[in-house]
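**Student:** Provided below for reference: sequence and predicted model.
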Amino acid sequence: MSDATPPPDRSVGPGVLIPPPLLFVFPMAMGFVVQYIVPIGIVTGVRPAHTLRLVGWAEILIGLALNAWAVGTFNRLETTVIPRRPARTLAAEGPYKLTRNPMYLGFAIIYLGVAFVANAFWVLLFLPEAIVLVWLLAIKLEEAYLRREFGAAYDEYRSRVRRWI
């Protein structure tokens, strides 16, 4: 059977319609638009801006590493990274021992890093919007799906691993 056709005893997936990375890109883009119109820095001065930029690059690298670790874990478990498709197994190892959503956490860390590198107050201000969008349009659907598909195993996993950190 192909990935597009789930086995008959499995659901078709969590029903996430918008690719979750876009749920971070849209608020970030809005933040940059507002930043262009009303430029406000997170910090002022050359030295603080330089420090903020270095911290931002470190966060971007940490977020990318976390995402790579999560994707590698999914690949090793032979399950899909694409949240529209059905999961073949419940990921509960690697970064999934630390957080139920390492990829979304990675995207949030990258987003924060980009805001810091750009020293863009408005971009930073839109980060909570991105997190709420991901929760409403991806995480809620995925959690309900995992509960349906994996039942008690997911409940046990959820009881010991936090959603974010």
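**Tutor:** Thanks, I have it.

**Student:** Verify the stated contact: residue 17 with residue 136.
**Tutor:** No. Counting by C-beta atoms under 8 Å, residue 17 does not reach residue 136; the two are 11.7 Å apart. C-beta here means a position set from N, CA and C on the backbone, and glycine is covered the same way.

**Student:** count of residues packed around residue 12?
**Tutor:** Using other C-beta atoms under 10 Å, residue 12 has 12 other residues around it.

**Student:** Quick check, pLDDT for it.
**Tutor:** Note on residue 12: pLDDT of 77.

**Student:** Contact partners for residue 49?
**Tutor:** Residue 49 sits next to 41, 43, 119 when contact means C-beta atoms under 8 Å, 6 or more residues apart in numbering.

**Student:** Residue 157 reaches residue 91, doesn't it?
**Tutor:** No. In this structure, residue 157 is not within contact of residue 91 by C-beta under 8 Å, at 9.0 Å.

**Student:** the more surrounded of those two?
**Tutor:** Shown here are residue 157 and residue 91; by other C-beta under 10 Å, residue 91 has more neighbours (20 against 17).

**Student:** mind listing what that one touches?
**Tutor:** 73, 74, 77, 79.

**Student:** Ramachandran coordinates for residue 88?
**Tutor:** phi -90, psi -20 (degrees, to the nearest 10).

**Student:** try residue 14
**Tutor:** Torsion angles, degrees, to the nearest 10, at residue 14: phi -80, psi -10.

**Student:** Buried residues, the helix or strand hosting residue 156. List them.
**Tutor:** According to DSSP states H and E, residue 156 maps onto helix 140-160. Buried positions in helix 140-160, judged by neighbour count with 16 or more other C-beta atoms under 10 Å: 141, 142, 143, 145, 146, 149, 150, 154, 157.

**Student:** Now residue 104: closest residue in space that isn't a chain neighbour?
**Tutor:** residue 134 (5.3 Å; C-beta to C-beta, 6 or more residues apart in numbering).
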